[in-house]
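Peer 1: After the sequence you'll find the predicted model.
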Amino acid sequence: MSGPESNDEIEDNDAPAIDFNTFVLSLSASALVDMGAIAVDGVKAEKNLPHARHTIECLVLLERKTAGNLTGEEERLLAQVLDDLWAKYRAAGG
């Protein structure tokens, strides 16, 4: 596997720090784009509900696999993101 050994070796000052919350929010944003709920660079993406569902299910898997290993804040964020995404997914026709 190639690439930097740690986040410190990545020299992209525009990217946010990589932590659990940022990772969850990034996946959430991807699902929202696939649901057509948010635009990227002012352009609303075409709905792709199968991709949105896949991303949501990845977050569900992450929740299951990290159970008991997250801080209270991380648990709350992940649970809230999943609740919001499932609600928006259903509203989008999924």
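Peer 2: Here it is on my side, so go on. Numbering: from 1, shown residues only.
Peer 1: Mind telling me what element the most centrally placed residue in the chain is part of?
Peer 2: Taking C-alpha atoms, centre = their mean, the centroid of the chain lies closest to Leu27, which sits 1.6 Å from it. Secondary structure assignment for Leu27, by DSSP states H and E: helix 20-34.
Peer 1: So what touches whichever helix or strand comes after that helix?
Peer 2: Of the helices and strands lying after helix 20-34 in sequence (DSSP H and E), the nearest is strand 39-40. Residues from elsewhere that reach strand 39-40 (C-beta atoms under 8 Å, 6 or more residues apart in numbering): Val33, Ala45. C-beta: built from backbone N, CA, C; applies to glycine.
Peer 1: Pairing partners for strand 39-40, with directions?
Peer 2: Next to strand 39-40 in the sheet, as set by DSSP bridges, lie strand 43-44 (antiparallel).
Peer 1: if we look at the partner strand, which residues are touching it?
Peer 2: Contact with strand 43-44 is made by Gly36, Ile38, as judged by C-beta under 8 Å, 6+ apart.
Peer 1: that older thread, which residues does the residue nearest to the centre of the chain contact?
Peer 2: Going by C-beta under 8 Å, 6+ apart, Leu27 touches Thr55, Cys58, Leu59, Leu62.
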